[in-house]
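Chemist: Below are the sequence and a predicted model for it; my questions follow.
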Amino acid sequence: MTTGMYPQVRMRRVRATAWSRALHREVRLDPSDLIWPLFVTDGTAVEEPIASLPGVSRWSVDQIAIRAREAVGLGIPCLALFPNTQPERRSEDGREASNPDNLMCRALRAIRDAVGDEIGLLTDVALDPYTIHGQDGLIDEQGYVRNDDTVDVLVGQALNQAEAGADIIAPSDMMDGRIGAIRSALEAGAHTNVQIMSYAAKYASAFYGPFRDAVGSRGLLKGDKKTYQMDPGNSEEALREVALDLAEGADSVMVKPGLPYLDIVRRVKERFEVPVFAYQVSGEYAMIEATVAAGAGERDALVLETLLAFKRAGCSGVLTYHAAHAARLLGA
């Protein structure tokens with residue numbers, strides 16, 4: 001492609017002033033691009049700061065409702081909820097996931113009471129917040145996660161969340177066949193408008209540590225999750241996972257983690273032309289905060305630049321713990 005030569009063409013002309021840079025900007029970031037992950041814990045009027053996620057807390061159900069009002073005021077369109085289940089309610093089979101009065105369901109109802117349909121509610125479907133072994137599913141005697149038995153439990157978990165008011169079911173477990181099973185159950189249960197955002201390409205990443213602290217599973221985890229989460233060296237496999245989940249009824253797909261896998265985001269977007277989301281995971285958030293704490297970078301600039309990178313790669317939206325901070329910056 002020929003674009004001309006210097007000095008007839010000076011690329012710096014359009015960069016010379018702020019108004020011109022704004023006029024020629026190819027990718028824009030808006031609060032409506034953000035999904036805010038929130039952690040729910042037991043009790044009343046509780047805020048529990050998470051040491052490995054500075055600036056992020058677990059909130060009791062009543063406080064989650066206050067965060068929802070805050071999100072509406074900031075123009076954030078969707079919340080993603082994750083429970084820190086009480087130890088006495090965790091079990092080998094994760095049965096608390098199907099309890100209609102569990103933390104997740106109570107939080108969903110509280111938010112609906114507080115803000116109605118002004119905000120979307122995305123719920124995580126996986127068993128790790130509910131098991132005593134920290135795995136995302138049911139395990140056999142050798143510690144291997146049993147795929148089909150787990151899918152049966154995930155279907156019940158998804159229906160439980162849909163009944164409580166979830167708008168988007170987001171299975172993060174990486175079991176084979178779970179999207180089709182959940183979609184069929186939602187259709188049969190008259191939840192035809194409940195979306196599925198599949199964690200289609202979820203990698204066995206080193207960036208999840210602070211999240212496991214937040215939901216109380218890090219100290220419980222026996223072994224690793226490499227038999228179901230993806231190998232970080234693979235990208236063709238990610239495309240197969242996405243294709244299968246779309247065929248089974250996913251409305252959108254997610255790549256997780258985010259910044260280390262922007263190449264996957266781009267490939268998925270170009271191949272399938274569907275809504276693609278990315279999760280800027282806990283380890284990515286913690287790195288930004290550590291950079292700021294060390295005086296090696298400025299938070300506002302780091303947050304906005306990384307979020308723009310997701311949009312530039314092709315994301316429809318981003319799950320980020322910086323959502324409220326970014327929305328305030330963008331609304332200023």
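Modeler: Yep, that arrived.

Chemist: Could I get the CA-only coordinates of whichever strand or helix holds residue 113 as PDB?
Modeler: Here residue 113, judged by DSSP states H and E, is contained in helix 103-115. Provided in PDB are the C-alpha atoms of helix 103-115 (Å, rounded to 0.1, in the frame of the first residue of the first chain):
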ATOM      1  CA  LEU A 103     -24.600 -16.000  48.700                       C
ATOM      2  CA  MET A 104     -24.800 -15.700  44.900                       C
ATOM      3  CA  CYS A 105     -28.600 -15.900  44.800                       C
ATOM      4  CA  ARG A 106     -29.100 -13.600  47.800                       C
ATOM      5  CA  ALA A 107     -26.800 -11.000  46.100                       C
ATOM      6  CA  LEU A 108     -28.800 -11.300  42.800                       C
ATOM      7  CA  ARG A 109     -32.100 -10.600  44.600                       C
ATOM      8  CA  ALA A 110     -30.700  -7.800  46.600                       C
ATOM      9  CA  ILE A 111     -29.300  -6.000  43.500                       C
ATOM     10  CA  ARG A 112     -32.700  -6.500  41.700                       C
ATOM     11  CA  ASP A 113     -34.400  -5.000  44.700                       C
ATOM     12  CA  ALA A 114     -32.000  -2.000  44.700                       C
ATOM     13  CA  VAL A 115     -31.800  -1.100  41.000                       C
END
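
Chemist: Helix, strand, or coil at residue 319?
Modeler: At residue 319 the chain is in strand, as set by DSSP: H, G, I helix; E, B strand; the rest coil.

Chemist: hmm, back to that, report all helices and strands that the helix holding residue 113 contacts.
Modeler: With contacts taken as 3 or more CB pairs under 8 Å, 6 or more residues apart in numbering; DSSP states H and E, helix 103-115 sits against strand 34-41, helix 61-74, strand 78-83, strand 120-125, helix 147-164. In short, each C-beta sits where N, CA and C put it, glycine included.

Chemist: Let me know whether residue 282 touches residue 51 as I believe.
Modeler: No: look at residue 282 against residue 51 with CB atoms under 8 Å: they stay out of range, at 12.0 Å.

Chemist: The two: which has the busier surroundings?
Modeler: Remark: of residue 282 and residue 51, residue 282 carries more neighbours, 23 against 9, as counted by other CB atoms under 10 Å.

Chemist: quick one: contacts for the more buried one?
Modeler: By CB atoms under 8 Å, 6 or more residues apart in numbering, the residues touching residue 282 are 52-53, 207-211, 214, 321.

Chemist: Start from the N-terminal end of the stretch 151-300 of the chain and give the helices.
Modeler: Under the criterion DSSP state H, counting those that start in this stretch, the stretch 151-300 of the chain contains helices at 178-188, 209-214, 236-248, 262-272, 282-293, 299-313.

Chemist: comparing these, which gets the lowest mean pLDDT score?
Modeler: Among these, helix 209-214 carries the lowest mean pLDDT, at a mean of 92.

Chemist: And that helix, what does it pack against?
Modeler: Applying 3+ CB pairs under 8 Å, 6+ apart, we find helix 209-214 packed against helix 282-293.

Chemist: What residues of the helix it packs on count as buried?
Modeler: The neighbour-count check on helix 282-293 (16 or more other CB atoms under 10 Å) flags 282-286, 288-289, 292 as buried.

Chemist: What of stretch 34-43?
Modeler: Buried residues in stretch 34-43 (16+ other CB under 10 Å): 34-41.

Chemist: What is the end-to-end distance of stretch 94-108?
Modeler: 19 Å (CA to CA, to the nearest Å).

Chemist: quick one: contacts of that stretch?
Modeler: By CB under 8 Å, 6+ apart, the surrounding residues in contact with stretch 94-108 are 40-42, 61, 64, 81, 83-85, 89-90, 121, 123-124, 127, 129-131, 138, 153, 156-157, 160-161, 163-166.

Chemist: got the contact list for the lowest-mean-pLDDT helix or strand in the chain?
Modeler: Ranking every helix and strand in the chain by mean pLDDT, DSSP states H and E puts helix 209-214 at the bottom, with a mean of 92. Residues from elsewhere that reach helix 209-214 (CB under 8 Å, 6+ apart): 39, 50-53, 56, 58, 82, 84, 134, 218, 221, 281-283, 285-286.

Chemist: Identify the spatial nearest neighbour of residue 170, chain neighbours not counted.
Modeler: Nearest non-adjacent residue to residue 170, counting by CB to CB, 6 or more residues apart in numbering: residue 197, 4.6 Å away.
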